[in-house]
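Participant: Pasted the sequence and its predicted model underneath.
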Amino acid sequence: MRAPIFRIWSLSKLKPLAFAAASFALCAGAHAETITIGSVNNPDMIELQKLSPAFEKANPDIKLKFVFLEENVLRQRVTTDIATKSGQFDVMMIGTYEAPIWGQRGWLTPISNLPASYDLEDVIKTVRDSLSYKGTLYALPFDAESSMTYYRKDLFAAKGLTMPPNPTYQQVADFAAKLDDKKNGVYGICLRGKAGWGENMGYLGTLVNSFGGRYFDMQWRPEIDTPEWHNAITYYVNLMTKYGPPGATSNGFNENLTLMMNGKCAMWVDSTVAAGMLYDKKQSSVAEKLGYANAPHDVTTKGSHWLWSWALAIPVSSKQQDAAKKFITWATSKDYIKLAAADVGWALVPPGTRKSTYDQPDYQKAAPFASFVLNAVQTADPLDSTLKKVPYTGTFTVNIPEFQSIGTIVGQQISGALSGSTSVDQALKAGQAAALRQVVAAGYVKD
């Protein structure tokens with residue numbers, strides 16, 4: 001009991017203005033709203049946490065609590081939380097798959113009445129549209145990405161090889177065979193192997209598109225056990241078995257990024273968001289040895305590169321709606337990008353979201369890949385990503401709620417084929433059966 005009495009007594013001895021200020025600080029601290037943010041554990045979001053005291057200083061009545069999770073775990077946690085309306089998170093990091101579906105279901109708070117200074121028109125249209133449903137925006141993009149091919153220029157030159165601007169998958173396989181040097185710890189190619197609808201299937205969805213495949217025909221019948229899928233996945237398993245790193249079934253984006261930065265990969269096909277980190281001399285040993293090209297293709301370039309955005313959304317279950325909106329508006333603003341640039345340099349600011357970032361001379365100077373990435377983000381087309389017509393949209397996803405389960409099961413089966421615990425034929429037959437069960441149960445198709 002004595003401590004509170006002493007605190008009140010000491011404040012009473014202060015001059016009136018100091019007393020008022022101290023009283024306000026105590027009240028603000030006592031009534032501060034805590035915003036819990038469910039986030040993927042990528043470098044850009046860790047930087048956001050580092051810079052978040054600037055937001056708290058400007059908004060002393062709001063405190064931020066970050067919960068960082070591995071990609072697959074994050075998706076499971078936020079999906080469970082929003083479906084059950086348990087309210088564990090006030091802000092969720094989701095993507096272009098979840099935002100329109102969850103918005104349609106009424107699970108997310110629509111994003112409207114943003115301040116004029118936010119300049120929503122500055123946000124790249126393909127990204128904005130991908131986070132909307134019927135013209136209503138349901139999440140603000142923190143970063144956005146497509147996919148591209150990274151390669152070691154020094155290794156190519158040593159072998160007398162030239163990477164074309166638009167490589168085919170056959171050329172990639174030929175390069176991998178010539179560049180693989182396991183004795184010296186360099187693998188011909190690194191690709192995602194970790195199972196998950198947004199992990200290995202993020203890449204493999206575009207691979208299948210390029211080989212002419214699709215998840216469903218126009219009657220919603222699965223087409224996973226088809227020649228196109230067999231050709232694509234057999235190519236992938238053979239390529240990775242011969243020229244990929246050991247234990248590839250444990251490697252997602254973060255693991256392959258580390259391998260590439262440490263000079264262990266001759267080539268890597270993955271997210272454009274990695275470019276800033278790979279070209280950063282402070283953390284990448286290959287920063288001055290890198291080249292880049294478009295994502296590979298096979299029979300078609302349609303859907304050969306993806307469109308994705310890690311975005312910040314507010315579930316309707318949050319009890320701190322206004323505070324959550326203040327935070328996501330700040331975290332995705334032009335001012336935040338300038339703040340990040342001042343801390344880590346322009347090359348490492350969150351990419352892919354704003355035209356003004358790409359118009360910035362300092363960014364163009366620091367990021368030689370800037371115009372390339374912007375073009376990749378702007379040309380990825382979720383409405384036209386397959387050779388044959390489909391009843392769904394998405395560059396590597398299918399815009400139905402059941403896709404999370406379907407993509408996860410198919411990803412697990414293909415990961416099993418990569419590890420050798422099952423065959424490609426068995427994996428695709430199992431994936432086909434699982435997808436059929438899902439769409440029949442959901443009423444998309446009659447068995």
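Facilitator: Looks like it came in fine. Residues are numbered from 1 along each chain as shown.

Participant: Number of residues surrounding residue 52?
Facilitator: By other CB atoms under 10 Å, the residues close to residue 52 number 19. Where C-beta positions appear, they are placed from N, C-alpha and C, glycine not excepted.

Participant: Report the contact partners of it.
Facilitator: Residues in contact with residue 52 (CB atoms under 8 Å, 6 or more residues apart in numbering) are 64, 66.

Participant: could you pull out the strands for the stretch 1-150 of the chain?
Facilitator: Remark: strands assigned in the stretch 1-150 of the chain by DSSP state E, counting those that start in this stretch are 33-40, 62-69, 91-94, 132-133, 136-137, 140-145, 147-152.

Participant: Just name the most buried of the ones you listed.
Facilitator: Looking across the strands of the stretch 1-150 of the chain with neighbours counted as mean count of other CB atoms under 10 Å, the highest average goes to strand 91-94: a mean of 28.

Participant: do you know which of the strands of the stretch 1-150 of the chain lies nearest residue 271?
Facilitator: For the strands of the stretch 1-150 of the chain, proximity to residue 271 was assessed by CB to CB; strand 140-145 is nearest, at 4.6 Å.

Participant: list the contacts for residue 142?
Facilitator: When contacts are counted by CB under 8 Å, 6+ apart, residue 142 is found next to 44, 45, 48, 93, 309, 310, 311, 312, 331, 332, 350, 353.

Participant: I'd like these as JSON lines, with distance to residue 81 and pLDDT appended.
Facilitator: Rendered in JSON lines, the data for those read as follows (distance: CB to CB, whole Å; pLDDT from 0 to 100):
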{"residue": "44", "distance to residue 81": "22", "pLDDT": "94"}
{"residue": "45", "distance to residue 81": "18", "pLDDT": "96"}
{"residue": "48", "distance to residue 81": "20", "pLDDT": "98"}
{"residue": "93", "distance to residue 81": "12", "pLDDT": "98"}
{"residue": "309", "distance to residue 81": "20", "pLDDT": "97"}
{"residue": "310", "distance to residue 81": "17", "pLDDT": "97"}
{"residue": "311", "distance to residue 81": "16", "pLDDT": "98"}
{"residue": "312", "distance to residue 81": "15", "pLDDT": "98"}
{"residue": "331", "distance to residue 81": "20", "pLDDT": "98"}
{"residue": "332", "distance to residue 81": "21", "pLDDT": "98"}
{"residue": "350", "distance to residue 81": "24", "pLDDT": "97"}
{"residue": "353", "distance to residue 81": "25", "pLDDT": "98"}
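
Participant: Does residue 186 touch residue 266 like I think?
Facilitator: Yes. Residue 186 sits in contact with residue 266 when judged by CB atoms under 8 Å, with a separation of 5.9 Å.

Participant: Residues that sit against both of these two, list them.
Facilitator: 155, 179, 180.

Participant: For the first one, what are phi and psi?
Facilitator: Main-chain dihedrals, residue 155, degrees, to the nearest 10: phi -70, psi -40.

Participant: Hmm, residue 264 and it touching each other?
Facilitator: No. Because the distance of 11.5 Å does not satisfy CB under 8 Å, residue 155 is recorded as not touching residue 264.

Participant: Which one of these two is surrounded by more residues?
Facilitator: residue 155 (21 against 18).

Participant: Enumerate every residue touching the more buried one.
Facilitator: Shown in contact with residue 155 (CB under 8 Å, 6+ apart): 179, 186, 266, 289.

Participant: Contacts only, for residue 396.
Facilitator: When contacts are counted by CB under 8 Å, 6+ apart, residue 396 is found next to 201, 202, 203, 204, 205, 206, 209, 303, 306, 308, 385.
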